[in-house]
Structure formats: structure tokens, C-alpha cells
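Participant: Quick one, what's the 3D model for this:
(one chain, ligands or ions: 2)
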Amino acid sequence: MNAESQSLYKKIVENVRDPIFILDAQRQIMFANNAARLQFGLQLEGQSFVRIIRNPACLEAIDEVLYGAESRSLQITVENQYRTVYDVTIVSLDGGDGGKQVMVGLSDISHIHEAEQMRSDFVANVSHELRSPLTSLNGFIETLQGPAKGDLEASERFLALMAGEAQRMVRLISDLLSLSKVEANQRIRPEGVVNLVPVLQRLLKMLAGLAEKERKTVELEVPDEPVKVLGSEDELTQVFQNLVENAMKYGRPDSTVRLKVELSDNEPGIRGKAVSVTVIDQGEGIAREHIPRLTERFYRVDTHRSRDKGGTGLGLAIVKHIVGRHRGRLRIDSEPGVGSRFRVVLPATDASR
Ligand SMILES: Nc1ncnc2c1ncn2[C@@H]1O[C@H](COP(=O)(O)OP(=O)(O)OP(=O)(O)O)[C@@H](O)[C@H]1O
Ligand SMILES: [Mg+2]
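Facilitator: Residues are numbered from 1 along each chain as shown. Ligands and ions are numbered 1, 2, ... in the order given. Down below sits the predicted model:
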């Protein structure tokens, strides 16, 4: 290879995004590219590769290539400050008169691993959530076919319970579908003009039955000017419906759920005028450690309680995605024993539009 093409190859290798090492027959580093130095330290040449990656399977694969194999590839997990999963490629190089050499390339595939983990957790969660109502349904069917056969009173009672379980499954499926729909459209900003106050008024009318059942008084505070945002009326209704339902479900009986609509000029993270809707409940509140996890799918502080109330644990995940799609922010504050505030901040649009 002439000097010109050598410097060209060197430049290419230096600028590859993944760490690349060239090792000699004693596994000492003869060369490390920029990415390797950035991840593993500036002074790498001359060091033993074992000091960088201690993984026995990886060292064994390097030895196999040093002793004659053409190449090896494997996945390893390195636990340093973080947990990193690498796809490792080891290739034999013709070292010329310098003896045997190998190239070791490391490709960080942690994000793919994480996504796979999330997907399998998700499937496990969905299966679990579907299995519990199905198990109950099966139990009721067996009872109706066996011990309760012909017992009209028992049939009525069991059928009502079965209807409840079937409704749970319908809710779960429809929540999953809304979540995947919002996720698929995450990058497309909805463009309808939504006049928020009438939307909230309609919603509260719709939820009057629940308010009565949960023994809550509802108060809506609105500014004098019209409050308009760019968005999808259906989706925003879904956001406030979940927040108000939560406040009603998790608030103390005979307490008040307040909705406060405000206009403001300087909201962090929002350019220009902003609209905020805060849903405030008087309830047991949420301990601090749960707050960052509330918007995860299926996350509930108290699983039994949420299930008793017919919840799927997907409500706040849907809220987070819809608010994100509207370029808004969701803030959650809570004081255990006092209550919680869920605040949605959205960019306001010109009222004259
Ligand atoms: N206002 C609130 N006060 C106390 N805890 C709350 C409140 N809102 C939500 N939570 C907690 O957060 C969890 C997740 O809420 P989310 O709305 O995602 O699910 P859910 O209400 O259980 O089910 P779904 O919304 O599908 O009916 C709830 O199970 C509850 O533990
Ligand atoms: Mg909810």
C-alpha cells in the first residue's frame, strides 16, 4: 500500500463512529481510533486490551483469531458507569513482517437492546392484563354451566360480573389502540383550532355521573378572554377526561376537583403565549418516587385500587403522548395527604383565527 492510500484509510478509520482497535499478537493496542479514545481514554496505544474490555468470551474470541480463525463476532455486556451492550467484530489482519494482528470493532447496540426489552415487557404486560379478566370470565362460565345451572338469580348476578370483565377488556383494547394511534402520529402536529373552555364544559357535563358516584364537587375557573390552541379536539378531550377521571377516582370522597384555565406569557419550554389547564384534587396524593414513572404504560401506584376502579394504567401514557404531539408540557406536583396537581401547558394560538 502506498503512503497516500495508507493515510486515506487511516482517515476513514479515524472517523468511523464506532471504536476500532488494532491489537498485536500479545493483545496490546497498536492503534485506536477517535471513537475508541473518546470512550475509553486518550492514552490507549501500548496498553493491554484486557484493561479496556475484561469480558472473557471476548478475549477468547480474540485469541481464536490470533491463532488462525479468520473472524469472530459476538455480543458482550460491559458494566461500567452504565450498562453497555456491544456487538463485537474481530477480524484477522495480515500484519506483514510485524507478525499476527487483529482488528476489534465495537458497536454500541444498547439502544436496540433497550427497545427489545421494552417491547417484550409490553407484550408481557398486555398479556397479563388480558389474562386476568379472561380467567374471571372462564370461572363464571364454569359456574354457570355447573353449580349455578338453572339458578336464575345466580345467573343474573354472574352475567353482570361477566359484563364488567368484558367491558374491562374492551377498555384495554381501545386504550391500546388510542395509544398506538397517537404514537404513530407523534410527529404530525394537529392543526384544528380548539376553543378549550367549551370543550372542558362539555367534558364536565359528560362526567357529571362519575362526579356524583365518587362524591366530588367540580369547579371550573376560566379567564375572561377566549382560550384557543392548535390541536385535535378529540385528543385534547381525551387528555382532560383522563386527568379529571383520575382526580375523581383518586380524590377523597366529598372533596372538590378544581380545573383552572390560565393564559400566560412565559412558560418554560413554550415559545410565546401559553395556555395552561391545571386539574387539582384533594386526595391522598402521590409519593415523590412514583411521580416520574406515572406516565409509563401500565404503571400504577396501587394496582388493586386502580383495577377496582376499572383502570388500565394506560391513561397517563396516552396523556403524555397527546400532549407531546401538541408540543405541550405535562407537569405533575403532589403533596402526600393533601392532593395532586396535573398541569397541561399548551402553546396558545391567536384568538382571532
Ligand atoms: N390524581 C391522582 N391522585 C393520586 N394518584 C393518581 C392520580 N392520577 C393518577 N394516579 C396514579 O397514577 C396511576 C396511573 O394513572 P393512569 O391514569 O395512567 O391509569 P389508571 O387511572 O389507573 O387507569 P386508566 O386511566 O386507564 O383508567 C394510577 O393508577 C394512580 O395510581
Ligand atoms: Mg386514569
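Participant: Backbone dihedrals for the residue of the chain found nearest ligand 1, please?
Facilitator: The minimum distance from the chain to ligand 1, using CB to the nearest ligand atom, falls at Gly315 (2.2 Å). Quick note: C-beta positions are derived from backbone N, CA and C, even for glycine. Gly315 adopts backbone torsions of phi -50, psi -50, taken as degrees, to the nearest 10.
Participant: next one: Glu191
Facilitator: Dihedral pair for Glu191: phi -120, psi 10, per degrees, to the nearest 10.
Participant: Name the nearest residue to the residue in the chain that ligand 2 sits nearest to, sequence neighbours excluded.
Facilitator: Nearest residue of the chain to ligand 2: Gly315, at 2.9 Å (CB to the ion). Nearest residue to Gly315 in three dimensions, chain neighbours excluded: Asn242, at 3.9 Å (CB to CB, 6 or more residues apart in numbering).
Participant: and the stretch 101-250 of the chain, which of its residues are near ligand 2?
Facilitator: When proximity is defined as CB under 5 Å from the ion, the stretch 101-250 of the chain approaches ligand 2 at 242, 246.
Participant: which residues in the stretch 101-250 of the chain form strands?
Facilitator: With strands called from DSSP state E, counting those that start in this stretch, the stretch 101-250 of the chain shows them at 101-108, 192-195, 216-221, 228-231.
Participant: One more: the stretch 251-353 of the chain?
Facilitator: Under DSSP E, counting those that start in this stretch, the stretch 251-353 of the chain gives strands at 255-264, 274-280, 329-335, 339-347.
Participant: returning to that earlier point: go ahead and confirm the residue of the chain closest to ligand 2 touches Ala247.
Facilitator: No: Gly315 lies out of contact with Ala247 (CB atoms under 8 Å); the separation is 11.5 Å.
Participant: Briefly note if the helix or strand bottoming out on mean pLDDT in the chain comes near ligand 1.
Facilitator: One helix or strand of the chain scores below all others by mean pLDDT, DSSP states H and E: helix 303-308, with a mean of 74. Yes: counting by CB under 6 Å from any ligand atom, contacts between helix 303-308 and ligand 1 involve Ser306.
Participant: and if you look at stretch 272-289?
Facilitator: Yes: counting by CB under 6 Å from any ligand atom, ligand 1 has neighbours in stretch 272-289: 281, 283, 286.
Participant: show me the contacts for the last one.
Facilitator: By CB atoms under 8 Å, 6 or more residues apart in numbering, Ile286 lies in contact with 294, 301, 332, 334, 336, 340.
Participant: show me the contacts for the fourth one.
Facilitator: For Ser334, the set of contacting residues under the criterion of CB under 8 Å, 6+ apart consists of 285-288, 291, 340-341.
Participant: hang on, the earlier thing: just the local confidence number for the residue of the chain closest to ligand 1, please.
Facilitator: Predicted confidence (pLDDT) at Gly315: the value is 95.
Participant: That one: what's it in contact with?
Facilitator: Counting by CB under 8 Å, 6+ apart, Gly315 makes contact with 175, 242, 245-246.
Participant: Where does the record place the domain boundaries for the protein?
Facilitator: Domain ranges of the chain: 3-108, 110-184, 190-353, per automatic domain parsing.
Participant: Now the residue nearest to the spatial centre of the chain: closest residue in space, sequence neighbours ignored.
Facilitator: The centroid of the chain falls nearest to Glu296 when counting by CA atoms, centre = their mean (5.3 Å). Leaving aside its sequence neighbours, Glu296 sits nearest to Ala317 (CB to CB, 6+ apart; 6.6 Å).
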